[in-house]
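Trainee: when you get a sec, could you give me coordinates for this:
(one chain, ligands or ions: 2)
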Amino acid sequence: MPTAESVYRQEFPVKGGDFAKAGAVACRIKELLKDLGLDTAIVRRAAIAAYEAEMNVIMYAREGRMDLAVSAQEVHITVDDQGPGIADVELAMTEGFSTATPEMRELGFGAGMGLPNIKRNSDVFYIDSRTGHGTRLKIIIRTNGHGTT
Ligand SMILES: Nc1ncnc2c1ncn2[C@@H]1O[C@H](COP(=O)(O)OP(=O)(O)O)[C@@H](O)[C@H]1O
Ligand SMILES: [Mg+2]
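Mentor: Ligands and ions are numbered 1, 2, ... in the order given. Okay, the predicted model is just below:
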C-alpha cells in the first residue's frame, strides 16, 4: 500500500442492497483518477475494476468500504465488506458463475463476469474471503509513472 509517497487517498462507504447508488463510487474514482491526469487506459481499467467490485458489495454484502490510494507508480483499490463471504473462491472466479437473484438479473446484473473482469483489468489482484464474515479484494494497477507528480 503506498503510504509516504501517496499523492492521493480516499475512502468510500458502500451500502449493501443500495441499487439506487449502483456505480456511484466507481464513477467518483474514475473522475478523481482523470483529474490526477492518469492515462485514459489506466483510468478505464481502474473504473471497470472498481465498478465490478462496488456492484458485488451492493449485490451480495451488507456493507463495505472502498479505499483508493494513488502513488506515482500505482493505483490501489482495496475493497472490504461485511457479508456472507465466498465459500468457493475458485468457482466464484469462473467466467459465467453467478448466484445473482432473478430480481438482480432483471436489472441486468448477474453475468458472472465481474470477478474475472476485475482480475483481467488488474496488474495484481488478491481476493480473500471468510465465509460468514466478508470479503476483501486488493486491486493494483500500475500507472507507468504518467500523470501524477
Ligand atoms: N463481495 C462478495 N460477497 C459475497 N459473494 C460474492 C462477492 N463478490 C462475488 N461474490 C460471489 O461470486 C459470484 C461471482 O461474482 P461476479 O463474477 O462478480 O459475477 P456476478 O456479480 O455477475 O454474479 C457472485 O455471484 C457471488 O456468488
Ligand atoms: Mg459481480
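
Trainee: from ligand 1, how far out is I141?
Mentor: In this structure, I141 and ligand 1 are 18 Å apart, going by Cβ to the nearest ligand atom, to the nearest Å. (Each C-beta comes from the backbone N, C-alpha and C, glycine too.)

Trainee: actually Q73, not the one I wrote
Mentor: When distance is defined by Cβ to the nearest ligand atom, Q73 is 27 Å away from ligand 1.

Trainee: residues near that residue, how many?
Mentor: The local packing count at Q73 equals 13, with neighbours defined by other Cβ atoms under 10 Å.

Trainee: quick check: closest non-adjacent residue to the one residue in the chain that gets nearest to ligand 2.
Mentor: Among all residues of the chain, G114 sits closest to ligand 2, at 2.5 Å; criterion: Cβ to the ion. With Cβ to Cβ, 6 or more residues apart in numbering as the criterion, G114 has its nearest non-adjacent residue at 3.9 Å, and that residue is E52.

Trainee: mind checking the SS state of that neighbour?
Mentor: Here E52 takes the helix state, with states given by DSSP: H, G, I helix; E, B strand; the rest coil.

Trainee: any idea how many residues pack against the closest residue to H76 other than its chain neighbours?
Mentor: If the residues on either side of it in the chain are set aside, H76 comes closest to A69, at 4.3 Å by Cβ to Cβ, 6+ apart. Other residues within reach of A69, judged by other Cβ under 10 Å, total 19.
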